[in-house]
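A.B. asks: fold the following for me, if possible:
(chains A and B)
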Protein chains: 2
Amino acid sequence: MNSQELTDESRRKEETVQHMGRNYPRRDKIAEISSEVKDWNPYSRLMALKRMGIVENYQKIRDFTVAIVGVGGVGSVAAEMLTRCGIGKLLLFDYDKVEMANMNRLFFQPHQSGLSKVHAAASTLEFINPDVSFETYNYDITLIDNYDHFTSKIKSGGLHGGHVDLVLSCVDNFEARITINAICNQLNQKWFESGVSENAVSGHIQFIIPGETSCFACAPPLIVATNIDEKSLKKDGVCAASLPTTMGIVAGFLVQNALKHLLKFGEVSHYLGYNALQDFFPTMSMKPNPQCTDRHCLIRQNEYQAFIKENPTAEFKKLEEDPDPVKHDNNEWGIELIHEDLKNNDTNDRLLLAEGITTAYTLPDTYNELPGSTLKEDEISLEDLMKDLINVSNQ
Amino acid sequence: MNSQELTDESRRKEETVQHMGRNYPRRDKIAEISSEVKDWNPYSRLMALKRMGIVENYQKIRDFTVAIVGVGGVGSVAAEMLTRCGIGKLLLFDYDKVEMANMNRLFFQPHQSGLSKVHAAASTLEFINPDVSFETYNYDITLIDNYDHFTSKIKSGGLHGGHVDLVLSCVDNFEARITINAICNQLNQKWFESGVSENAVSGHIQFIIPGETSCFACAPPLIVATNIDEKSLKKDGVCAASLPTTMGIVAGFLVQNALKHLLKFGEVSHYLGYNALQDFFPTMSMKPNPQCTDRHCLIRQNEYQAFIKENPTAEFKKLEEDPDPVKHDNNEWGIELIHEDLKNNDTNDRLLLAEGITTAYTLPDTYNELPGSTLKEDEISLEDLMKDLINVSNQ
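C.D. replies: Predicted coordinates for the structure are as follows:
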């Protein structure tokens, strides 16, 4: 930890909020969540989820630990949502500083410019809800020097010393996603991937259960909305567009599905896309790729197959529910789309790859004219996407 | 204006934000929005929407005035999004105070408990972006005493003395919605309705163009997710559930569609629903009801029909695009559903009214057994919904 961090950290503890000439201390911790309907109770509207029959045991939220990697336009809002829901513990990872150029997204405020994002975020969040435990890590998770520390935090950073319950990836570059993917496959850690496109009008979330659903290395091009790595762009005097709306919506989808998973209500989406121009929301589930390049993914797949063999009724629900899954198995990665809600009508057909998922990628206009291509308009070659991906990752 | 308001107002002007032992003044206004990609520029990521080909003239956002009625879980986040986007002017209407019980939603912070919502919101928003003009009105728009003032503000509260450009309804009760509807029909004012259900897991937005699309009085039961009027509930010691996720998502949909309308990009949804349990998003468009009980709606309908007669190519796009619109014209209100994306698959069919739109209402279980009913499972009788509505409005 460098001196800048120590300074931020120690000052954060002293911070109070001045309003109308007075300093307000943070409120005391609340020992037990109450359902009482009183103006002073910050949990009454959440505990009402029990009375409404939505969540069986809302209090359980206090037992969960979530790691958020990337505390920018999506990650900071996701952290605020979980904080206000009363999550047990949050681990925040980022190495960026707040800039005025971030003020077009929710959460950070102008006076925080120049502060590290993780410390600025934790300061605000602790004030909003002191019942939540926070740990902040101001480093780049993709650097080899940080590998052991980051891995150990995912493995034993939970409230009770075990695994965190969920990792939320809110990063803006390929390297960070592939790092999270590798570590989560190795640790058998469930996580959500998220992304917003560089033109700010589409985004997605994806739930990755190692061995059970497609991982980030199984079929990345279908899954990632490319975010421009802002560092590499700014030197050219250009930047990706962003909107507080799109980022707030993606953060909302991310935390809503995280809550559904943790508190066991509703159905967790394996993939949910958002196309802002048409208000179109593609969903699908994908099986893992038996030829995935991540060896830990293959180990998890074998474990899952062995488990399913012994527990045939446990296989994940979508497979059972879909009597006629759309399969695309003519590709060398062996990826099968096992469920998709993409083909609702003519409009959506047209949008399937043009707007819904692959606005993400700059596909060549002459896509259907490539030699050897047998693509229809609404299909896409994984081979070419893999090539695109390699280009993206090398940029 | 009472003394409490004056006190809040005058103190708000002096407020600074203390951080790390220092008081930070609000930043100076920025005379002209710049595209320059620099850390200090709060508009660089928004102006990038032009370079990305999404918005032709982003700067125009500074010319627009939006009135937000209801500054709660949805309205406060909508106001923050518009503020960060650099909207010209915001008018905020609410008569509630911030409570600790609101802390499970985004935006307000604990130190603001006890302050009026409009003043607390404007204080934060002015600090975030001093380029935006704010007007705050701490009163109940449904009271007859406030009718003239509210109407005059919608009519001439715009930046240049004319109509506001858009009204966003973010209220939690029927009376306020019907008041906004009546005034907007009278003034020929475009507005968006929004709502979140009392169980916190569904919501919607609706774009109302007087005379052209169904107004709130034309077919309210299909449109409104019932929010419990919190005032009437709290006396019984119960409250509606709420989640920062659902409210943030609905605010995101609301502002995204408002931006699409104002800045002319993408397609504005006439109705967009959100079902959080299944990640299901019904969309539709509805023509106005020729027997609407709101007489100004009928006047607007006649004007629109006369306009269409003279300008047949101007008729609203959805009608032209849908070669086989689903029509439900066997009802005494003459309401026609002119476009719907609701029937995507079996799951959605089942959800159509059970979860997608009418979670909103407590429909009798014996719905299909009512005398004279010819309903199929995925249809709903407007007659009965009208009855339900009357009950809701009288509660």
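
A.B. asks: quick one: list the elements packing against the lengthiest helix in chain A.
C.D. replies: Of all the segments of type helix in chain A, defined by DSSP state H, the longest one is helix A:244-263. Contacting helix A:244-263 under the criterion 3 or more C-beta pairs under 8 Å, 6 or more residues apart in numbering or on different chains; DSSP states H and E are the following elements: helix A:75-85, strand A:166-169, strand A:191-196, strand A:202-208, strand A:271-275, helix B:75-85, helix B:244-263. Heads up, the C-betas are built off the backbone N, CA and C, glycines and all.

A.B. asks: now do that helix against strand A:271-275, angle only.
C.D. replies: On the basis of axes from the mean of the first three to the mean of the last three C-alpha atoms, to 10 degrees, helix A:244-263 is oriented at 160 degrees to strand A:271-275.

A.B. asks: okay, helix A:244-263 in PDB with CA atoms only?
C.D. replies: These are the backbone C-alpha positions of helix A:244-263, laid out as PDB (Å, rounded to 0.1, in the frame of the first residue of the first chain):
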ATOM      1  CA  PRO A 244     -25.800   7.400 -17.200                       C
ATOM      2  CA  THR A 245     -28.900   5.700 -18.400                       C
ATOM      3  CA  THR A 246     -27.300   2.700 -20.200                       C
ATOM      4  CA  MET A 247     -24.800   2.300 -17.400                       C
ATOM      5  CA  GLY A 248     -27.500   2.600 -14.700                       C
ATOM      6  CA  ILE A 249     -29.700   0.100 -16.500                       C
ATOM      7  CA  VAL A 250     -26.800  -2.500 -16.900                       C
ATOM      8  CA  ALA A 251     -25.900  -2.000 -13.200                       C
ATOM      9  CA  GLY A 252     -29.600  -2.600 -12.300                       C
ATOM     10  CA  PHE A 253     -29.700  -5.800 -14.400                       C
ATOM     11  CA  LEU A 254     -26.500  -7.000 -12.800                       C
ATOM     12  CA  VAL A 255     -27.500  -6.400  -9.200                       C
ATOM     13  CA  GLN A 256     -31.100  -7.600  -9.800                       C
ATOM     14  CA  ASN A 257     -29.800 -10.900 -11.100                       C
ATOM     15  CA  ALA A 258     -27.200 -11.100  -8.300                       C
ATOM     16  CA  LEU A 259     -30.000 -10.600  -5.800                       C
ATOM     17  CA  LYS A 260     -32.200 -13.200  -7.500                       C
ATOM     18  CA  HIS A 261     -29.300 -15.700  -7.300                       C
ATOM     19  CA  LEU A 262     -28.300 -14.900  -3.700                       C
ATOM     20  CA  LEU A 263     -31.800 -14.600  -2.200                       C
END
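
A.B. asks: could you give the angle of it to strand A:191-196?
C.D. replies: Orientation of helix A:244-263 against strand A:191-196 (the same axes, to 10 degrees) gives an angle of 170 degrees.

A.B. asks: and the contacts of stretch A:300-312?
C.D. replies: Residues from elsewhere that reach stretch A:300-312, judged by C-beta atoms under 8 Å, 6 or more residues apart in numbering or on different chains: A:185, A:188, A:210-212, A:288, A:290, A:292, A:314-315.

A.B. asks: give the buried residues for it.
C.D. replies: By 16 or more other C-beta atoms under 10 Å in any protein chain shown, the buried positions in stretch A:300-312 come out as A:300-301, A:304, A:308.

A.B. asks: now do the contacts for residue A:128.
C.D. replies: Contact analysis of residue A:128 by C-beta under 8 Å, 6+ apart lists A:80, A:83-84, B:103, B:109-110.

A.B. asks: name the nearest of these relative to residue B:41.
C.D. replies: Proximity of those to residue B:41 (C-beta to C-beta) peaks at residue A:80, which lies at 24.2 Å.

A.B. asks: and that closest one, what is it in contact with?
C.D. replies: By C-beta under 8 Å, 6+ apart, the neighbours of residue A:80 are A:106-107, A:124-125, A:128, B:106, B:244.

A.B. asks: now the strands for chain A?
C.D. replies: In chain A, the segments counted as strands under DSSP state E are A:17-19, A:22-24, A:65-69, A:89-93, A:133-137, A:166-169, A:191-196, A:202-208, A:271-275, A:283-286, A:337-340.

A.B. asks: just put the ones you listed in a markdown table and tack on mean pLDDT, mean neighbour count and distance to residue B:250.
C.D. replies: Compiled in a markdown table, the strands of chain A are given as follows (pLDDT from 0 to 100; neighbours: other C-beta atoms under 10 Å in any protein chain shown; distance: least, C-beta to C-beta, whole Å):
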| stretch | mean pLDDT | mean neighbour count | distance to residue B:250 |
| --- | --- | --- | --- |
| strand A:17-19 | 49 | 18 | 28 |
| strand A:22-24 | 62 | 12 | 30 |
| strand A:65-69 | 98 | 24 | 23 |
| strand A:89-93 | 98 | 25 | 24 |
| strand A:133-137 | 98 | 19 | 28 |
| strand A:166-169 | 98 | 26 | 21 |
| strand A:191-196 | 96 | 26 | 19 |
| strand A:202-208 | 95 | 26 | 16 |
| strand A:271-275 | 95 | 25 | 14 |
| strand A:283-286 | 88 | 23 | 19 |
| strand A:337-340 | 40 | 19 | 26 |
